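1. quick check, what structure comes out for this input:
(one chain, ligands or ions: 1)
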Amino acid sequence: MKSLKKRDNSIPRKFYELDLDDRLDYLKKETNLTAKDTKLLKDLPKNFSFNKIDKMIENCIGIIPIPLGVATNFVINGKKYLIPISIEEPSVIAAASKAAKIASIGGGFTAEADDSIMIGQIQLISRDKNNRDRLKNKRERERVTKIIIDNKEELLKIANSRSISVIAKDIKVRELYDESINNMGYMIIIELIVDTRDAMGANVINTMCESIAPKIEKISNAKVVLKILSNYSIHRLARCRATFPKNLIGGKKGVDKILLAYAFAYSDVFRAVTHNKGLMNGIDALAIATGQDFRALEASIHAYAARDGKYRSLTKWYKSRKGDLIGEIELPMAIGIVGGIVSVHPIVRIVLKILDIKNVKELASIFAAIGLAQNFAAIRALADEGIQKGHMKLHARNIAITAGAKENQVDFIAERMLKENNVSVNKAKEVIQLIKTTRN
Ligand code: MEV
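-> Residues are numbered from 1 along each chain as shown. From the prediction side, this is the model:
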């Protein structure tokens, strides 16, 4: 990046020091952005003033809106829900709503979530003057472990002084041996067990870990390296189950086809990844709408899918005694309804209002239900007529818009392309031209 000059050309400035106009001017100079492009970036909605969004991230130049829609027909633990989700992919909301309708006829989704238990990790090493690994000695490892455990109450007290609502409950210690190519030897890993309640907890866990690190170093005479939460939140699982009546999904044949789709995803990693991507369509979309750290969810959920050593389907499908289809899902759910963006983003606040939840466990249950619904919809379509037919309708509309169709022409052009089995920008342009000629 070239150095940035102040208006009077005196002192070079950093990108973050510039106001929005200057940032966009700079981008215009450095890239092929036009004045129209920068005007679009500057065209911010009232609730997202530059001042506000510039405080959320660094070097901010605008926002990138993603549509927000509502998945309908969800009945979870006997309560009706409207679920706002945010996604750019067509068909996802329609598919979830359709699946939820079938599940509601089967009695609705039954879901539950564990307490919000998360882990903070502190990595401890010990080396002598000559950089030799003291922890190589078993007795030294036992000595350090004992000291940490003996001081558990004191350490918990320090950690808990950092928060009123989130509670550090326990400390565990384990030994770890480096498995990498670098041969770094032994480490002691101290795990802070924290109940984050209605918060996702990342910030407070990191603060707690950092707060106890000096005391740990002092009492153990060892050195702390990393101090950070673990996103592998396997103590914080959400589960959901639903019955899909066989008479609504093509009878025994329909059920068997779905069991075959599941067999494929359970047994083959190439299929399992796509199968799980489908259910993440629902989970990520709800995560975005409710202001969650979706990267943390993704990392944790996929690691959980591989917990037995092989990456597998996150859902499980089988037949009831009556021959109906039963689906189950279980996955880690590190989410929050207080703190971070959840408390400040005006749209997230509206989404939470629509969801009408009492606590984070209720939200985790909704996450599990939408994941299960999404997976059902995908494998049912795949095992039947395929997904392209439904997809193409919405895709055709997007193609029409890309080709330059006016708002009132989009549906006509999309229908025409579908009828002629030719959904392409060229065809859309041809129809636009035809409309023009007919009009003249
Ligand atoms: C597309 O976004 C998701 C699917 O590929 C999921 C699946 O294959 O199960 C349809």
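
2. can you count the residues close to the closest residue to Gly254 other than its chain neighbours?
-> Nearest residue to Gly254 in three dimensions, chain neighbours excluded: Lys246, at 6.8 Å (C-beta to C-beta, 6 or more residues apart in numbering). Using the backbone N, CA and C atoms, a C-beta is placed for each residue, glycine as well. When neighbours are counted by other C-beta atoms under 10 Å, Lys246 registers 20.

3. which residues touch Lys246?
-> Applying C-beta atoms under 8 Å, 6 or more residues apart in numbering, one finds that Lys246 lies in contact with Lys252, Gly254, Val255, Lys322, Gly323, Asp324, Leu325.

4. just Tyr304 next, same as before
-> Tyr232, Ile234, Leu314, Leu331, Pro332.

5. any part of the host helix or strand of it near the ligand?
-> Per DSSP states H and E, Tyr304 falls inside helix 294-305. No. Helix 294-305 lies out of reach of the ligand by C-beta under 6 Å from any ligand atom, never closer than 13.5 Å.

6. show me what counts as buried in that helix.
-> Within helix 294-305, the residues that count as buried by 16 or more other C-beta atoms under 10 Å are Phe294, Ala296, Leu297, Ala299, Ser300, Ile301, His302, Tyr304, Ala305.

7. where exactly do the strands run in this structure?
-> Under the criterion DSSP state E, the chain contains strands at 4-5, 12-13, 68-76, 79-86, 110-113, 117-125, 167-177, 186-195, 223-230, 237-244, 315-319, 325-332.

8. list the contacts of the third one.
-> With C-beta under 8 Å, 6+ apart as the test, strand 68-76 has contacts from 80-87, 93, 96-98, 100-101, 103-104, 108-111, 240, 282, 289, 347, 351, 354, 365-366, 369-370, 373.

9. report the buried members of those residues.
-> 81, 83-87, 93, 96-98, 100, 103-104, 108-111, 240, 282, 289, 347, 351, 365-366, 369-370, 373.

10. so which of the residues you listed are in helices?
-> Of the buried ones among the contacts of strand 68-76, the ones assigned to helices by DSSP state H are 93, 96-98, 100, 103-104, 282, 289, 347, 351, 365-366, 369-370, 373.

11. buried stuff in stretch 221-235?
-> Under the neighbour-count criterion of 16+ other C-beta under 10 Å, stretch 221-235 has Ala222, Val224, Lys227, Leu229, Ser230, Asn231, Tyr232, Ser233, Ile234, His235 buried.

12. nearest to the ligand: which residue in the chain?
-> Closest residue of the chain to the ligand, C-beta to the nearest ligand atom: Gly278 (2.6 Å).

13. pull the number of nearby residues for that residue.
-> Using other C-beta under 10 Å, Gly278 has 23 neighbouring residues.

14. please name the residues that touch it.
-> Going by C-beta under 8 Å, 6+ apart, Gly278 touches Gln374, Asn375, Ala378, Ile379.

15. the contacts of Tyr304 into JSON lines, with extra columns for pLDDT and distance to the ligand?
-> As requested, the contacts of Tyr304 are arranged in JSON lines below (pLDDT from 0 to 100; distance: C-beta to the nearest ligand atom, whole Å):
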{"residue": "Tyr232", "pLDDT": "98", "distance to the ligand": "24"}
{"residue": "Ile234", "pLDDT": "97", "distance to the ligand": "24"}
{"residue": "Leu314", "pLDDT": "98", "distance to the ligand": "11"}
{"residue": "Leu331", "pLDDT": "98", "distance to the ligand": "16"}
{"residue": "Pro332", "pLDDT": "98", "distance to the ligand": "20"}
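
16. isn't Asn59 right next to Leu24, touching?
-> No. Here Asn59 lies out of contact with Leu24, judged by C-beta atoms under 8 Å, at a distance of 11.8 Å.

17. neighbour-wise, which of the two wins?
-> Each of Asn59 and Leu24 has its neighbours counted (other C-beta under 10 Å); Leu24 has more, 20 against 10.

18. just checking, the more buried one touches Leu44?
-> No. If you go by C-beta under 8 Å, Leu24 and Leu44 don't touch, sitting 12.0 Å apart.

19. what sits against the residue positioned nearest the centre of the chain?
-> Geometric centre of the chain, nearest residue: Phe294, 2.4 Å, by C-alpha atoms, centre = their mean. Contacts for Phe294 (C-beta under 8 Å, 6+ apart) come out as Asp284, Ala287, Ile288.

20. 10 Å - rerun?
-> Met280, Ile283, Asp284, Ala285, Leu286, Ala287, Ile288, Ile301, Ile335 (C-beta atoms under 10 Å, 6 or more residues apart in numbering).

21. distance to the ligand for the contacts of Gly278 - can I get that in a markdown table?
-> Below are the contacts of Gly278 laid out as a markdown table (distance: C-beta to the nearest ligand atom, whole Å):
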| residue | distance to the ligand |
| --- | --- |
| Gln374 | 8 |
| Asn375 | 7 |
| Ala378 | 4 |
| Ile379 | 6 |
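
22. returning to that earlier point: buried subset of the contacts of Lys246?
-> Gly254, Val255, Asp324, Leu325.

23. isn't the second one up against Thr243?
-> What that stands for is Val255. No. The criterion here is C-beta atoms under 10 Å, and Val255 misses it with Thr243 at 11.0 Å.

24. intersection of neighbour lists for those two?
-> Ser320, Asp324, Leu325, Ile326.

25. hey, what's the third one bridged with?
-> In this case it means Leu325. Applying DSSP bridges to Leu325 gives these bridge partners: Phe244, Lys319.

26. how about the buried ones among the contacts of Lys246, which pair is most distant?
-> Taking C-beta to C-beta, the two most distant members of these are Gly254 and Asp324; they sit 10.6 Å apart.

27. need the residues touching each of those two.
-> Shared contacts of Gly254 and Asp324, defined by C-beta under 10 Å, 6+ apart, comprise Phe244, Lys246, Asn247, Leu248.

28. report the separation between the second one and Glu210.
-> In other words, Lys246. Lys246 sits 55 Å away from Glu210, going by C-beta to C-beta, to the nearest Å.

29. what residues does the stretch 201-350 of the chain put near the ligand?
-> Neighbours of the ligand within the stretch 201-350 of the chain, by C-beta under 6 Å from any ligand atom: Thr274, His275, Lys277, Gly278, Asn281.

30. if we use 5 Å, what do you get?
-> Residues of the stretch 201-350 of the chain found near the ligand (C-beta under 5 Å from any ligand atom) are Thr274, His275, Gly278.

31. and the first one, how many residues sit next to it?
-> Think Thr274. Look at Thr274: counted by other C-beta under 10 Å, it has 13 neighbours.

32. quick one, what contacts it?
-> Thr274 neighbours (C-beta under 10 Å, 6+ apart): Phe264, Ala265, Asp268, Ala378, Leu382.
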